[in-house]
Each structure stands twice: as structure tokens, then as C-alpha cells.
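K.L.:
what's the 3D shape of this:
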Amino acid sequence: MSDEFDWDFSGPDDAKAEIRAAVQYLLRGITGGARGDIVQQIIMIVRNVASGESPDPLHDGLPDPFDDAPGG
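P.N.:
As a prediction, the model looks like this:
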């Protein structure tokens, strides 16, 4: 992983708390099938990180919504 995206955690518990907070943020107000879709995306991100496949943590594996934008 690039140093640009390294985080400074005080330990494993601190890192887990950040993950928990991020998941809660992503799921806030989401219900039904959309909630399941987001959970699947989170699982995909974790699997990619665990296997070393995703060097850019900002890439979520979804199509770029601006790819079809004029001039893009």
C-alpha cells in the first residue's frame, strides 16, 4: 500500500474502531436490499485488501459515474 494512504493508528483496537465507525456511516439510514448491497461492497473491499489486490483504498470497484461525462 502506498505511504500516501497509510493511517497512524494507536493499535489494533483503534483501527477496528475506525472500521466500525466507517461501516456505521455507510449504513446509516439505509434499509432493505440497498443495505445488503453496501454490505457486499464492504466485504469485497475487505477481501481485496486481504489478498493484496487493491492498492488504492479509494477505489471501490464500482464504475466511475463520470466516465460518460462530456469531455471525460
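
K.L.:
just for the protein, where's the confidence low?
P.N.:
Scanning the chain with the threshold set as pLDDT under 70 gives 1-6, 54-72.

K.L.:
the helices in it, which residues?
P.N.:
Ranges of helices in the chain, per DSSP state H, are 12-27, 32-51.

K.L.:
mind putting those in TSV, mean neighbour count included?
P.N.:
Quick note: C-beta positions are derived from backbone N, CA and C, even for glycine. Output for the helices of the chain, formatted as TSV (neighbours: other Cβ atoms under 10 Å):
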stretch	mean neighbour count
helix 12-27	11
helix 32-51	12
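
K.L.:
Quick check on residue 28: phi, psi?
P.N.:
phi -60, psi 120 (degrees, to the nearest 10).

K.L.:
Could you check how far the closest residue to residue 23 other than its chain neighbours is from residue 48?
P.N.:
Closest residue to residue 23 apart from its sequence neighbours, by Cβ to Cβ, 6 or more residues apart in numbering: residue 42 at 6.2 Å. Residue 42 sits 11 Å away from residue 48, going by Cβ to Cβ, to the nearest Å.

K.L.:
Give me the contact list for stretch 7-24.
P.N.:
Contacts to stretch 7-24, defined as Cβ atoms under 8 Å, 6 or more residues apart in numbering, come from residues residue 42.
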